[in-house]
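Trainee: 3D, please:
(chains A, B, C, D, E and F)
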6 protein chains.
Amino acid sequence: MPIVTIQVTREGTQPGATAITPEQKARLIEGVSRVLLDVLAKPLDSTFVVIEEVDLKNWGWGGLPVEAYRKQRAAKTS
Amino acid sequence: MPIVTIQVTREGTQPGATAITPEQKARLIEGVSRVLLDVLAKPLDSTFVVIEEVDLKNWGWGGLPVEAYRKQRAAKTS
Amino acid sequence: MPIVTIQVTREGTQPGATAITPEQKARLIEGVSRVLLDVLAKPLDSTFVVIEEVDLKNWGWGGLPVEAYRKQRAAKTS
Amino acid sequence: MPIVTIQVTREGTQPGATAITPEQKARLIEGVSRVLLDVLAKPLDSTFVVIEEVDLKNWGWGGLPVEAYRKQRAAKTS
Amino acid sequence: MPIVTIQVTREGTQPGATAITPEQKARLIEGVSRVLLDVLAKPLDSTFVVIEEVDLKNWGWGGLPVEAYRKQRAAKTS
Amino acid sequence: MPIVTIQVTREGTQPGATAITPEQKARLIEGVSRVLLDVLAKPLDSTFVVIEEVDLKNWGWGGLPVEAYRKQRAAKTS
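Mentor: The predicted structure follows:
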């Protein structure tokens, strides 16, 4: 009966991709459902997973929109 | 002052519909607000309702994206 | 497959009660599950309900903790 | 390590705007992150902010979709 | 930068236990963080996990508090 | 009508304190409500704030419970 909510930025992880692919979503769902099965013996059938994709402009980190924050960090370490 | 969040898959419930209709949303809002009024005497004016529609590919059940899970169940019971 | 989350302040609704009773929780669960059934034809078996009780000091309204806000409103209207 | 989630209706606050602007989002992120820093000494780098924009039809207040509720209130006070 | 929220009922999974153990929580955290790393290449350092334990009386399924629902299901299948 | 949810670990920020104080909660509520007023012109009266305090064992970062993660980071930088 667990509910797992995964919040990620809406962006691709491969060159040219602008979003998570359906295959990646399926793997996320399978992976976290299995963790609940392995650790707490929750049957797969009783776990709900919700993936929330959040626009980059709507995600903040370090007091900044995340793209600005990443640039700032890259500048610092280079 | 309650907050009720309703998460549902983004899909229609009638032939041809691909999403919940505005009328259905209005009925959901009215219905759950009334439950809070009836059970806890919370005035309608103090209840917020947020409906979150989740893409079918972003909803998991049984370790699978929900559409794959439904097919699996249909195959088992037929 | 819907998930309904109900957030309310942790306080009683009857003289002497300091929290929602188990009976009230059961009625909330039944009530909102029925709304999903009536409006979207979601079977009762596929709806999860989570009730989150929030300490009064952790709930804000009008820029104030809710108890202070209620006093302010009561003072205004009296 | 705080997570701040801001849920607002998807609508503009200025004539002609139909949504929050990227500049407003950046100011929201900066503002709430600073509150966590000022009040709880949480470093900016450890705070995540997620802004969720909710369609007007998906937001309920007073037992009604929010646009209908606003009209009702406007009619009462005029 | 993902956020993973795991909602489970507050109950033990072993004889005598009345709650998830700290070891199980650590395994949940490690497990879901690894899924994000494996599937989306999100560094462990950038993933937050929040485990929310929900009282059995506050979790509904099948229109009933979950304990009543489990009894009903057990009665049906026996 | 915004809803702001603040999730923080349940721990004190001052020597001897084991939790956020009511005064700090009041300042958080006031602070974030003001940000919504300043940036989006949302009246204080229409903003709800919910503070969720999360047990340290229930918060994960870096694939570890947060206390273990902090120790690991402290060891690395020393």
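Trainee: stretch A:23-39 and chain E in contact?
Mentor: Yes - using Cβ under 8 Å from any Cβ of the partner chain, a contact is recorded between stretch A:23-39 and chain E, made by A:24, A:27-28, A:31-32, A:35-36, A:38-39. Just so you know, the C-beta spots here come from the backbone N, C-alpha and C atoms, and that holds for glycine as well.
Trainee: contact partners for whatever residue of chain A ends up closest to chain C?
Mentor: Residue of chain A nearest chain C, by Cβ to the nearest Cβ: A:I3 (6.0 Å). When contacts are counted by Cβ atoms under 8 Å, 6 or more residues apart in numbering or on different chains, A:I3 is found next to A:47-50, C:3, C:48, C:50, E:5-7.
Trainee: buried sites along the longest helix along chain A?
Mentor: Of all the segments assigned as helix in chain A under DSSP state H, the longest by residue count is helix A:22-40. Under the neighbour-count criterion of 16 or more other Cβ atoms under 10 Å in any protein chain shown, helix A:22-40 has A:24-33, A:35-37, A:39-40 buried.
Trainee: what about the spatially closest residue to A:I6 that is not a sequence neighbour, distance to E:E23?
Mentor: Excluding the flanking residues, the one nearest A:I6 by Cβ to Cβ, 6 or more residues apart in numbering or on different chains is A:I51, at 4.9 Å. A:I51 is 27 Å from E:E23, where distance means Cβ to Cβ, to the nearest Å.
Trainee: would you mind measuring from A:W61 to chain F?
Mentor: In this structure, A:W61 and chain F are separated by 13 Å, where distance is defined by Cβ to the nearest Cβ, to the nearest Å.
Trainee: do the same with A:V54
Mentor: When distances are taken as Cβ to the nearest Cβ, A:V54 and chain F turn out to be 14 Å apart.
Trainee: and what of A:R73?
Mentor: When Cβ to the nearest Cβ is applied, the distance between A:R73 and chain F equals 16 Å.
Trainee: what about that residue, which helix or strand?
Mentor: For A:R73, the enclosing helix or strand under DSSP states H and E is helix A:66-77.
Trainee: equivalent analysis for A:A19, please.
Mentor: Remark: A:A19 resides in no helix or strand, with elements defined by DSSP H and E.
Trainee: likewise for A:V4?
Mentor: Using DSSP H and E, A:V4 falls within strand A:3-9.
Trainee: repeat that for A:T13.
Mentor: Here A:T13 is covered by no helix or strand, with elements defined by DSSP H and E.
Trainee: and it, how many neighbours?
Mentor: Counted with other Cβ atoms under 10 Å in any protein chain shown, residues neighbouring A:T13 total 14.
Trainee: ok, it touching E:L36?
Mentor: No - the pair A:T13 and E:L36 fails to qualify as a contact (Cβ atoms under 8 Å) at a distance of 10.7 Å.
Trainee: got the CA positions of the helix holding A:R73 in PDB?
Mentor: The C-alpha atoms that make up helix A:66-77 are tabulated as PDB, following Å, rounded to 0.1, in the frame of the first residue of the first chain:
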ATOM      1  CA  VAL A  66      18.300  25.400 -11.000                       C
ATOM      2  CA  GLU A  67      19.800  26.300 -14.400                       C
ATOM      3  CA  ALA A  68      21.300  29.500 -13.000                       C
ATOM      4  CA  TYR A  69      22.600  27.600 -10.000                       C
ATOM      5  CA  ARG A  70      24.300  25.000 -12.200                       C
ATOM      6  CA  LYS A  71      26.100  27.700 -14.100                       C
ATOM      7  CA  GLN A  72      27.200  29.400 -10.900                       C
ATOM      8  CA  ARG A  73      28.600  26.100  -9.600                       C
ATOM      9  CA  ALA A  74      30.300  25.300 -12.900                       C
ATOM     10  CA  ALA A  75      31.900  28.800 -12.900                       C
ATOM     11  CA  LYS A  76      33.200  28.300  -9.400                       C
ATOM     12  CA  THR A  77      34.800  24.900 -10.000                       C
END
